[in-house]
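Asks: I'd like to go over a predicted model; first the sequence, then the structure.
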Amino acid sequence: MLLFKLLPENIPGRARNPVLIFVFTISMFVSAALLFLVEPMMAKMALPMLGGAPAVWNTCLVFFQVTLLAGYLYAYAATKWLSRHAQIVLQVALALTSLAVLPLHIPIGWEPPTQSSPVMWVLGMLAVAVGLPFFLLSSSTPMLQRWFSQLRHKSAGDPYFLYAASNAGSLVGLLAYPLLLEPALRLSVQSYLWSYGYTGFLALTMACGVLVWRAQPGIAVAHAAPSEEDGEADRGAAWRQRLRWIALAFVPSSLMMGVTTALTTDIPAIPLVWVLPLAFYLLSFVLVFAKRPPISHEWLVRQLPTLLLFTLFPTLSKTQMGLLVLFPLYLLALFAVALVCHGEIASSRPKVSRLAEFYLWMSFGGVLGGIFNALLAPLIFSTVVEFPLAIIFAAFLLPAIDQQPVPPAQAAKLKRNDLLLPLMLGLSMAAIIIGFAHLGLKPSRIFIFLFGYSIVWCLSFAERPLRFATGLAAIVVASSLFTGLFGKVLLKER
């Protein structure tokens, strides 16, 4: 009854009522925090059975990404084909049903296989143990934003700022687990605390449902009929936009898992180390979807090529650098790539009428990145090749800066050079590697000359994304001929 009194039907100042912002912001914050508390918690439950390989964490991430996609798909279908009252009833009913699996635990009788890959076992176990609650929490991001757009509020026409609150909750939940919960509490206590939090989320969802249920029909910005211009938009351009959303979401997701694998392969399974790449990944969403992003997008785009080249240096030179160097370098590169890619996504977000679809395609790209790294790459590659591949893809997606229109003849020449110049770079680098190896010179004598000149030459391509990405690919391929300090390689196995 309190909510009904706070929001009477005919108060003109209701458009500025802070209760609306508070309830929806807290609801999204709590749901996201619960999502990212349960991810490391369930992975921790599985560790005694599976060991501490980074593949365990990456497989868990794939499950959570796929379930997130399913939640977004459900939200898209519900907001497209159901009335707002039906949406509220269905959301609350599913949330109440999911209480049956609480408190969270590994199902009794589930034992991982000993003679085959445990990937499918992990996915099945997580589906049974936490699938339904995670599904409901996932759907709350697009669902609550869509509901908010149906209220009388001055921000209802652009509710994307709530996504920043959601990702802030994700970041808080993710960091709270290794820093506060995991060191101090047993897993059983953690599970009960999470269950209490989930009950609070259910109460907040019902509060949001009350606010939306009482909103006067026909006044919401989101209910406005689509314009003729929207109906006549070029379908080809719309699909190009969707494919770009997918690609821009794929790269940071893939790079996040690549960084996780690169950093955690040779160290013990410590949750804090696992969650750091994901924390920087989430922080990028918080910043780019804020009403006033604190970091200049154009400045980041200009600086990213240099950072990408420095990030690739350990891979190119086969240099064994310490974790004190690799941790900040790789995490900074991941953060910068995520800011640029997610910034491009945020700047191209559509009208609120396509909000659920927008999140659906963005989530789909993230799932593809997770599947590629966690499921396909270990089967295809003998080394962590997906890490430099994600960096090359990031370079390819860089937006062009300060490119002026040129005559058709000159444009054709520039396009040819986008392929020819990187080819020359790769061939010259390969020739130097083979020549120095033939002369029997020690690797340490050619590091500065070989990789220094290659990096400077490749950096000169930075103003043209295609040329720069192709240049990165050329030096990565050429560097595969260089064995570094290892000498002749007899076997590579992952």
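Replies: Great, that's in hand. Residues are numbered from 1 along each chain as shown.
Asks: in the protein, which helix or strand is least confident?
Replies: Every helix and strand in the chain was compared by mean pLDDT, DSSP states H and E; the lowest is helix 2-6, with a mean of 40.
Asks: list the helices and strands the following helix or strand past that helix packs on?
Replies: Next in sequence after helix 2-6, counting helices and strands by DSSP states H and E, comes helix 18-50. Here helix 18-50 touches helix 54-81, helix 119-148, helix 161-176, helix 187-213, helix 271-288, going by 3 or more C-beta pairs under 8 Å, 6 or more residues apart in numbering; DSSP states H and E. C-betas here are computed from N, CA, C, even on glycine.
Asks: gap between the longest one and the chain center?
Replies: Between the centre of helix 119-148 and the centre of its chain there are 16 Å (C-alpha atoms, centre = their mean, to the nearest Å).
Asks: name the helices or strands packed onto it?
Replies: helix 18-50, helix 54-81, helix 84-98, helix 161-176, helix 187-213, helix 355-371.
Asks: where does the residue nearest to the spatial centre of the chain fall, secondary structure wise?
Replies: Centroid check for the chain by C-alpha atoms, centre = their mean gives residue 253 as the closest residue, at 4.2 Å. Assigned by DSSP H and E, residue 253 belongs to helix 235-264.
Asks: give me the buried positions along that helix.
Replies: In terms of neighbour count (16 or more other C-beta atoms under 10 Å), helix 235-264 has its buried residues at 242, 244-264.
Asks: cool, stretch 202-214 as well?
Replies: 202, 204, 205, 206, 207, 208, 209, 210, 211, 212.
Asks: and the fifth one, what's its pLDDT?
Replies: Here the pLDDT value assigned to residue 207 is 91.
Asks: hang on, it packs against residue 26?
Replies: No - assessed by C-beta atoms under 8 Å, residue 207 is found out of contact with residue 26, at 9.2 Å.
Asks: so where is this protein shaky, pLDDT-wise?
Replies: Across the chain, residues meeting the criterion (pLDDT under 70) sit at 1-17, 51-55, 114-116, 216-234, 265-272, 402-404, 406, 439-450, 484-494.
Asks: residues in contact with stretch 288-295?
Replies: Here stretch 288-295 makes contact (C-beta atoms under 8 Å, 6 or more residues apart in numbering) with 160, 161, 163, 164, 167, 287, 297, 339, 342, 343, 345, 346.
Asks: now render those as JSON lines, adding neighbour count and distance to residue 307.
Replies: Conversion of the contacts of stretch 288-295 to JSON lines gives the following (neighbours: other C-beta atoms under 10 Å; distance: C-beta to C-beta, whole Å):
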{"residue": "160", "neighbour count": "18", "distance to residue 307": "27"}
{"residue": "161", "neighbour count": "16", "distance to residue 307": "28"}
{"residue": "163", "neighbour count": "24", "distance to residue 307": "26"}
{"residue": "164", "neighbour count": "20", "distance to residue 307": "24"}
{"residue": "167", "neighbour count": "26", "distance to residue 307": "23"}
{"residue": "287", "neighbour count": "20", "distance to residue 307": "17"}
{"residue": "297", "neighbour count": "16", "distance to residue 307": "15"}
{"residue": "339", "neighbour count": "24", "distance to residue 307": "11"}
{"residue": "342", "neighbour count": "24", "distance to residue 307": "16"}
{"residue": "343", "neighbour count": "24", "distance to residue 307": "15"}
{"residue": "345", "neighbour count": "23", "distance to residue 307": "20"}
{"residue": "346", "neighbour count": "22", "distance to residue 307": "20"}
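Asks: can you pull the contacts of residue 277?
Replies: 256, 257, 259, 260, 263, 330, 331, 334.
Asks: helix or strand for residue 466, which one?
Replies: With DSSP H and E as the test, residue 466 turns up in helix 465-479.
Asks: give me the contact list for that helix.
Replies: 305, 308-309, 312, 315-318, 388, 391-393, 395-400, 417-419, 421-423, 425-427, 429-430, 433, 454-455, 457-458, 461-462.
Asks: again, but for stretch 455-463
Replies: Contacts of stretch 455-463 with the rest of the structure, by C-beta under 8 Å, 6+ apart, involve 305-306, 309, 313, 400-403, 421-422, 425, 467-468, 470-472, 474-475.
Asks: show the end-to-end separation of that stretch, please.
Replies: End-to-end distance for stretch 455-463: 15 Å, by C-alpha to C-alpha, to the nearest Å.
Asks: circling back to that earlier point, identify the farthest-apart pair in the contacts of residue 277.
Replies: Using C-beta to C-beta, the contacts of residue 277 span at most 13.5 Å, a distance reached by 257 and 331.
Asks: re the thing from before, how big is the angle separating the helix holding residue 253 from helix 54-81?
Replies: 150 degrees (axes from the mean of the first three to the mean of the last three C-alpha atoms, to 10 degrees).
Asks: helix 235-264: how far from the chain's middle?
Replies: 8 Å.
Asks: give the other helices and strands that that helix contacts.
Replies: Contact partners of helix 235-264 among helices and strands, from 3+ C-beta pairs under 8 Å, 6+ apart: helix 54-81, helix 271-288, helix 323-347, helix 355-371, helix 386-396.
Asks: wait, residue 307 touches residue 334, no?
Replies: No - assessed by C-beta under 8 Å, residue 307 is found out of contact with residue 334, at 10.3 Å.
Asks: need the residues touching each of these two.
Replies: With C-beta under 8 Å, 6+ apart, residue 307 and residue 334 have no common neighbours.
Asks: who has more neighbours out of these two?
Replies: residue 334 (26 against 17; other C-beta atoms under 10 Å).
Asks: could you list every residue that touches the closest residue to the more buried one other than its chain neighbours?
Replies: Nearest-residue entry for residue 334: residue 259, 5.0 Å, with adjacent residues in sequence omitted and distances by C-beta to C-beta, 6 or more residues apart in numbering. By C-beta under 8 Å, 6+ apart, the residues touching residue 259 are 277, 330, 331, 333, 334, 387.
Asks: and the gap between the closest residue to the second one other than its chain neighbours and residue 396?
Replies: Nearest residue to residue 330, sequence neighbours excluded (C-beta to C-beta, 6+ apart): residue 259, at 4.8 Å. Distance of residue 259 to residue 396, given as C-beta to C-beta, to the nearest Å: 19 Å.
Asks: how about residue 349?
Replies: For residue 349 relative to residue 396 (C-beta to C-beta), the value is 22 Å.
Asks: equivalent analysis for residue 273, please.
Replies: From residue 273 to residue 396 the distance is 29 Å (C-beta to C-beta).
Asks: same check, this time on residue 467
Replies: 10 Å.
Asks: again, but for residue 205
Replies: 41 Å.
Asks: present the helices and strands packed on helix 119-148 as JSON lines; the columns should include distance to residue 145.
Replies: Formatted as JSON lines, the helices and strands packed on helix 119-148 follow (distance: least, C-beta to C-beta, whole Å):
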{"stretch": "helix 18-50", "distance to residue 145": "8"}
{"stretch": "helix 54-81", "distance to residue 145": "9"}
{"stretch": "helix 84-98", "distance to residue 145": "13"}
{"stretch": "helix 161-176", "distance to residue 145": "5"}
{"stretch": "helix 187-213", "distance to residue 145": "11"}
{"stretch": "helix 355-371", "distance to residue 145": "6"}
